[in-house]
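**Q** For reference, the sequence and a predicted model appear below.
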Amino acid sequence: MMSAHIIPAASNALMLKHFESQGFDRVYLDSRLVSTQLLGTYDTDLLSTTAYLNYVQRLAAVTKMAVIADIPDNVELWTLPTTIQALQKIGCRQVILSDANLENAEALDQILTSAQQATTDENFEIIVKLDGFINYGLDELQTRIDIAQANGVNHILISNITNGDIAIIKAVATTALISLIIDNANINYCGAEQLNPEFILDTYHVYAGLTRAARTISQDMVLKIFMG
């Protein structure tokens, strides 16, 4: 039996309705998964920030689950405050800010300072997603966690790792809450639980299911068209 809280990702209202019926109390509207849903892309084009925020607003209106949203990777520093204010207005209580496109730790410090200044709701939580462990290693991971905490962010989401990385990441010295994301085929629930995370997000299996369902529906429709 899993002890960590599992939070699924979703990209459409049907998914939200299903997860809600299964007893989930939170759902993650991953911007990349939403882009896959609407644009047919995942690792390339992302929805504009405005389009993503509009979509989050519509989906949040059809569910009683708490919605976790992204601060999109393509948001500009100067539009960050208005993006955060829009997410607060939608009713999001947790948002994820990634370091994926940030050149260095100093850039993370700058964007977190701006993000915290834009936060007006004391119940609104910014979660920092650290995406580059595979590239910058343990020492830099520790540095970025320390920067997050220095900016008042006490919840870290570590992504783009494998089961084999868990033992290394355990060496991080921090009082921050650590959560993990299953976003590739080389990490699973059992592996993630070894870190005793606050929660586990799952985007990988939802993305696989979304693309598989689209392929199956398309193939069935083609068969019906040509076979009668």
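**A** Now that the structure is in, tell me what you want to look at. Numbering: from 1, shown residues only.
**Q** Now tell me what touches stretch 119-138 from outside.
**A** 68, 71, 84-85, 88, 92-100, 108, 112, 115-116, 140-141, 144-145, 148, 153, 155-161, 165, 168-169, 171-172, 179, 181 (Cβ atoms under 8 Å, 6 or more residues apart in numbering). Bear in mind the C-beta positions are built from the backbone N, C-alpha and C, glycine included.
**Q** Inside strands: which ones of those?
**A** By the criterion of DSSP state E, membership of those in strands covers 68, 71, 94-98, 155-158, 179, 181.
**Q** Got the phi and psi for the spatially most central residue of the chain?
**A** The residue lying closest to the centre of the chain (Cα atoms, centre = their mean) is residue 30, at 5.0 Å. Here the main-chain torsion angles of residue 30 (degrees, to the nearest 10) amount to phi -60, psi 130.
**Q** Let me know the pLDDT of it.
**A** pLDDT for residue 30: 93.
**Q** what's the closest non-adjacent residue to it?
**A** residue 9 (4.4 Å; Cβ to Cβ, 6 or more residues apart in numbering).
**Q** Bridged to the one you found, which residues?
**A** residue 28 (DSSP bridges).
**Q** residues in contact with it?
**A** 27, 28, 29, 30, 33, 201, 202, 203, 206, 207.
**Q** if we go to 7 Å?
**A** 28, 30, 33, 201, 202, 203, 206 (Cβ atoms under 7 Å, 6 or more residues apart in numbering).
**Q** hey, where'd the helices end up in the chain?
**A** Assigned by DSSP state H, the chain shows helices spanning 13-21, 31-39, 49-60, 80-90, 105-118, 133-150, 166-169, 189-193, 204-227.
**Q** So which elements touch the fifth one?
**A** Applying 3 or more Cβ pairs under 7 Å, 6 or more residues apart in numbering; DSSP states H and E, one finds that helix 105-118 contacts helix 80-90, helix 133-150.
**Q** Mean neighbour count, the helices of the chain: which tops it?
**A** Highest mean neighbour count of those: helix 31-39, a mean of 20 (counted as mean count of other Cβ atoms under 10 Å).
**Q** Name the surrounding residues that touch it.
**A** Helix 31-39 has contacts (Cβ under 7 Å, 6+ apart) with 9, 11-12, 41-42, 45-47, 52, 55, 70, 72, 203, 206-207, 210.
**Q** Output the below-cut-off pLDDT ranges for this structure.
**A** For the chain, residues meeting the criterion pLDDT under 70 lie at 1-4, 41-44, 214-215, 217-218, 228.
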